[in-house]
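Q: Sequence and predicted structure below; questions after.
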Amino acid sequence: MKESQPSAIYLKDYKVPPFLIDKTELTFDLDETTTIVTSRLHMRRNPAFGKSTAPLILDGGEEVKLIGVAMDDYELPPEEYRISEDKLIITATADEFVLTCETLIEPQNNTRLEGLYRSSSMFCTQCEAEGFRHITYYLDRPDVMSVFTTTIIADEARYPVMLSNGNEVERGKTDEGKTVVVWHDPFPKPAYLFALVAGNLAVKNDVFITQSQREIKLQIFTESHNIDKVDYAMEALKRSMRWDEVTYGREYDLDIFMIVAVDDFNMGAMENKGLNIFNSSCLLASPETTTDDTYLRVEAIVAHEYFHNWSGNRVTCRDWFQLSLKEGFTVFRDQTFSADMHSETVKRVEDVSFLKTAQFAEDAGPMAHPVRPASFIEISNFYTLTVYEKGAEIVRMIHTLLGAEKFRAGSDLYFDRHDGQAVTCDDFVAAMQDASGVDLSQFKRWYSQAGTPVVTVTDSYEESTGTYRLIMKQHTPATPGQPTKLPLHIPVRVGLLSQQGGALSAQVNGVAAEDHVLHLKANEQEFVFTGLTSRPVPSLLRSFSAPVKLRYEYSAKDLLLLLSADSDGFNRWSASQQLAVNELTLLINQAIKGDELSIESQLIQGFKALLSDAALDPAMVALILALPSQAYLSELADPIYPAAIKQARQYLKAQLANALSADFERVYREHKIHGEYQATAEDIAHRSLKNIALSYWVETGDELAQQELVTQFQTANNMTDQFSALSIAVHSQHPKAAELLAAFYEQWQSEPLVVNKWLMLSASQEQENALATVKGLLEHPAFDLKNPNKVRSVLGGFGQSVSGFHKADGSGYQFLADQIILLNKRNPQIASRLCTPLTRWKKLQPELSVKMKAELERILAENLSKDVYEVVSKSLA
Ligand code: PHE
Ligand code: ZN
């Protein structure tokens, strides 16, 4: 352990910056071993800070070497400045001055992938959240916004493409024959939105005509062997640009918009002004190499980063506690966009299923934090599902409370009022409230209170008056640092069904409708529905109108009714999940006791009806057929018995497969698509239903099914079908699984993104020697510890292998801990993310829990990065 542990910073300590930087002029002299960065910062004291003689303190990184510093061209002697840890401190300054700094960095040795680094043959940057300080000394905080001019000097033969934010304004040569390119970005921005790229890149060009008839040049850059895989992203970009004009009235502002794909990237993508940088796994797509899921992800991320141009860049965050201001809002925007491009219900089911699995788990664990955290040790640890996905749910609830029209008035006011500013979540809510007249004062608690609220519903029906009552109680469990909670303003969308499944109109507060948004604001509240003639079945929390855990004692009969008849597609899915969860819970308990598993599954009846109803959306049927995942069942369980959950899922799946074998075979055949691959909602839907039907059919052990699987693997004209066949083979212990895995690698070894899928699937296998397999993968020529995608594939895949990761002797946990320790210094962000599975130790069955905890303690004894220290120490607290 270190002598002094890193300390937390607090939202309540926020102060405006003592200095401002009006203009930032940067020069990068790029070279193979050292890069020299010269900055000229046009600075002045911030009037809003008040009169002060405070010293100028600039942020830097330990690896940044200062060559020289000058004030108004007067070279400062060593006694006029000092470097303390990673800060540059200048004691005496004028009220207004130009600070010149010359620094030296070594991008090729930058393994953290923050700041300026090398990815394959190119230079690229990543500055959010605090990466800019690893390039040069600066006021690296989002409320310091500056106009950037960037000069790049490099050898044109090696780096013919040299990019930065804004417009290219000049190009020339140095005396030594190097090329000089100057970029200017007229929009003031914080340093986290700065970007630079230099390399030998291929480009795809296109144009977009805005609603006001401006012509925007669009460019996507990749290494030359990938340029044939950017057409889909380009089309997605144009759809996003149009959608933001139509839906939010937001037009693009610069004359050029560029995207670059890089192979080594810690996250998905980054919204740098005018120059988005993408993890190549989130940008490249081709039918042969890319699955349907990835097509949809590419579209969503292209849209997300583009939408940040307004929600994030034009209006940015005052401080990093406000991260959800841009991320929650932008996720909401990209979710709505994808829903508009495809199916609204399917998209909602996918998003909610992810939220309930992963965000709910985070909210129930040691890293639980409010959407607007009150403190952090390392901001990189707060790019979380809570800030992103729960943050998006908050914006969605505002949309529900205001209605579409007033929400749009609110977003218009927000963008107008705060254009060019760095603002807070409170400012966002204030704009929504001011434009709509809807009181959001209690609602705002969603930003400051962590934990997932539990809403418990009971009901009663009075025959004589036709009155139906819902009594709702809310309770939010304690989370670290927040022992007690206040009641939230929760919008609960409710409809009523007759016992025959018809939609019922009922009155609430004198308003008759088939669908009501109830405002649950107190700890306990009653809602009265009148005008009924018989006892209804309630459809609660339609479209998942709030991110809560709903408790209502539905009978299996009620759930089957909702599954077959609810007009709310989301709740049909939800009913099927609840039915499956109820049955799986029984089976899990049998497995824990060591009993033989047995159940008369009600799902058979429900599934049979779905499989023979040709009028249904095949995508919805596929979603309903997918049993609750191992991860979701783990989130619900306390304590978690991983092997029992796995056994229960397998048992139920086999029972359904055997009971409905002929239906699955028929559906498999009916939904085969003949003809060319298309990533349309319709085709994706058919493929998803076909492939899940195959997975059930194969589960029966039927020879014919097993042969069909091999045929599909061998003859598929697209990656979705080929990889589905392979995954099913691997997870059903198909006799040819090993052979197919080997053939797949053989076929795709020259496509790194496909190889990553192979690595993940290989690592996730359920087998006796799973640990040996994954250790073998780390030695495989396709593996590379420097590449986050590969690390995530192998270790993420391994986390899914119950027999490997949760091995009874704890060796799976030990293995993961070893990898975390190895990556701790090299790439702290990735190391910290790898800790997530270990943070669940308290909920694990006792024998496993102690083993997992011991590994966290072993990690804590190391000399840790801030990133890993924060997660591990909070997990053990
Ligand atoms: N701001 C990026 C996004 O969500 C995510 C990101 C954060 C990327 C930090 C890199 C580093 O769009
Ligand atoms: Zn984002």
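A: All right, it came through fine. Ligands and ions are numbered 1, 2, ... in the order given.

Q: only C-alpha atoms for contact and neighbour calcs from this point on.
A: Noted.

Q: What is the burial count for residue 528?
A: 16 (other CA atoms under 10 Å).

Q: so it, which of the three states?
A: Three-state assignment for residue 528 (DSSP: H, G, I helix; E, B strand; the rest coil): strand.

Q: what does residue 104 give?
A: Of the three states, residue 104 takes strand under three-state DSSP.

Q: can you list the residues of the stretch 1-150 of the chain near ligand 1?
A: Neighbours of ligand 1 within the stretch 1-150 of the chain, by CA under 6 Å from any ligand atom: 128, 129.

Q: mind listing the helices for the stretch 1-150 of the chain?
A: With DSSP state H, counting those that start in this stretch, there are no helices along the stretch 1-150 of the chain.

Q: Where does it get nearest to ligand 1, residue-wise?
A: residue 128 (4.7 Å; CA to the nearest ligand atom).

Q: Could you do the stretch 401-550 of the chain as well?
A: residue 422 (15.3 Å).

Q: Just list whatever residues bridge to that residue.
A: residue 316 (DSSP bridges).

Q: Can you give me the separation between it and residue 326?
A: For residue 422, the distance to residue 326 (CA to CA, to the nearest Å) stands at 11 Å.

Q: can you check residue 748 too?
A: Relative to residue 326, and taking CA to CA, residue 748 is found at 38 Å.

Q: got it, and residue 474?
A: Following CA to CA, the distance that separates residue 474 from residue 326 is 29 Å.

Q: do the same with residue 638
A: From residue 638 to residue 326 the distance is 34 Å (CA to CA).

Q: Kindly report the same for residue 694.
A: Distance of residue 694 to residue 326, computed by CA to CA: 41 Å.

Q: Phi first, then psi, for residue 164.
A: phi -150, psi -170 (degrees, to the nearest 10).

Q: contacting residues around it?
A: Taking CA atoms under 8 Å, 6 or more residues apart in numbering, we find residue 164 in contact with 150, 183, 194, 195, 196, 197, 275.

Q: what touches both of residue 422 and residue 326?
A: In contact with both residue 422 and residue 326: 316, 317, using CA under 8 Å, 6+ apart.

Q: Of the two, which one has the most company?
A: Legend: neighbour count by other CA under 10 Å for residue 422 and residue 326, higher for residue 326 (26 against 22).

Q: For that one, give its distance to ligand 1.
A: 8 Å (CA to the nearest ligand atom, to the nearest Å).

Q: Leaving out sequence neighbours, find the closest residue to that residue.
A: Once flanking residues are discounted, residue 326 sits nearest to residue 312: 4.8 Å by CA to CA, 6 or more residues apart in numbering.

Q: Tell me who's in contact with the one you found.
A: Contacts of residue 312 by CA under 8 Å, 6+ apart are 325, 326, 327.

Q: cool, residue 820 as well?
A: 831, 832, 834, 835, 859.

Q: near ligand 1, which residues of the stretch 201-350 of the chain show up?
A: Near ligand 1, when you scan the stretch 201-350 of the chain using CA under 6 Å from any ligand atom, you find 267, 269, 270, 271, 305.

Q: Can you give me the neighbour number for the last one?
A: Close neighbours of residue 305, defined as other CA under 10 Å, add up to 27.

Q: do you know how far it is from residue 802?
A: For residue 305, the distance to residue 802 - CA to CA - is 35 Å.

Q: go on, residue 815?
A: Separation of residue 815 from residue 802 (CA to CA): 14 Å.

Q: Those two: which has the busier surroundings?
A: residue 802 (20 against 16).

Q: Wait, the more buried one touches residue 767, no?
A: No: Residue 802 lies out of contact with residue 767 (CA atoms under 8 Å); the separation is 9.0 Å.

Q: Bridged to the residue of the stretch 201-350 of the chain found nearest ligand 1, which residues?
A: Residue of the stretch 201-350 of the chain nearest ligand 1, by CA to the nearest ligand atom: residue 270 (4.4 Å). On the basis of DSSP bridges, residue 270 is bridged to residue 277.

Q: If you tally nearby residues, what's the number for it?
A: 27.

Q: mind checking how far it is from residue 378?
A: From residue 270 to residue 378 the distance is 19 Å (CA to CA).

Q: how about residue 821, what does it touch?
A: Applying CA under 8 Å, 6+ apart to residue 821 gives the contacts 831, 859, 862.

Q: Correction: the previous question concerned residue 304.
A: 330, 331, 333, 334.

Q: which of those residues sit farthest apart?
A: Largest separation among those by CA to CA: 330 and 334, giving 6.1 Å.

Q: which neighbours do these two share?
A: What both residue 330 and residue 334 touch, as defined by CA under 8 Å, 6+ apart, is the set 304, 307.

Q: And the strands in the stretch 401-550 of the chain?
A: Ranges of strands in the stretch 401-550 of the chain, per DSSP state E, counting those that start in this stretch, are 422-423, 454-462, 467-475, 490-497, 503-504, 506-508, 511-513, 515-520, 524-529, 537-540, 549-551.

Q: okay, and for the chain, where does confidence drop off?
A: Within the chain, the segments meeting pLDDT under 70 span 1-3.

Q: Domain map for it?
A: 10-307, 316-551 (automatic domain parsing).

Q: Need those domains in CSV (columns: distance to residue 594).
A: Shown next, in CSV, are the domains of the chain (distance: least, CA to CA, whole Å):
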stretch, distance to residue 594
domain 10-307, 38
domain 316-551, 27
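
Q: Tell me which of the ones you listed approaches residue 846 most closely.
A: Each of the domains of the chain was scored for nearness to residue 846 using CA to CA, and the closest is domain 316-551 (16.6 Å).

Q: Quick check: end-to-end length of that closest one?
A: In domain 316-551, first residue to last residue: 38 Å (CA to CA).

Q: what's the answer for stretch 668-677, then?
A: Across stretch 668-677, the terminal residues are separated by 17 Å (CA to CA).

Q: before we move on, back to that, so the residue of the stretch 201-350 of the chain closest to ligand 1 sits against residue 277, correct?
A: Yes: judged on CA under 8 Å, residue 270 makes contact with residue 277 at a distance of 5.2 Å.

Q: what would the contacts of residue 821 look like in a markdown table with neighbour count?
A: Converted to a markdown table, these look like this (neighbours: other CA atoms under 10 Å):
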| residue | neighbour count |
| --- | --- |
| 831 | 23 |
| 859 | 23 |
| 862 | 13 |
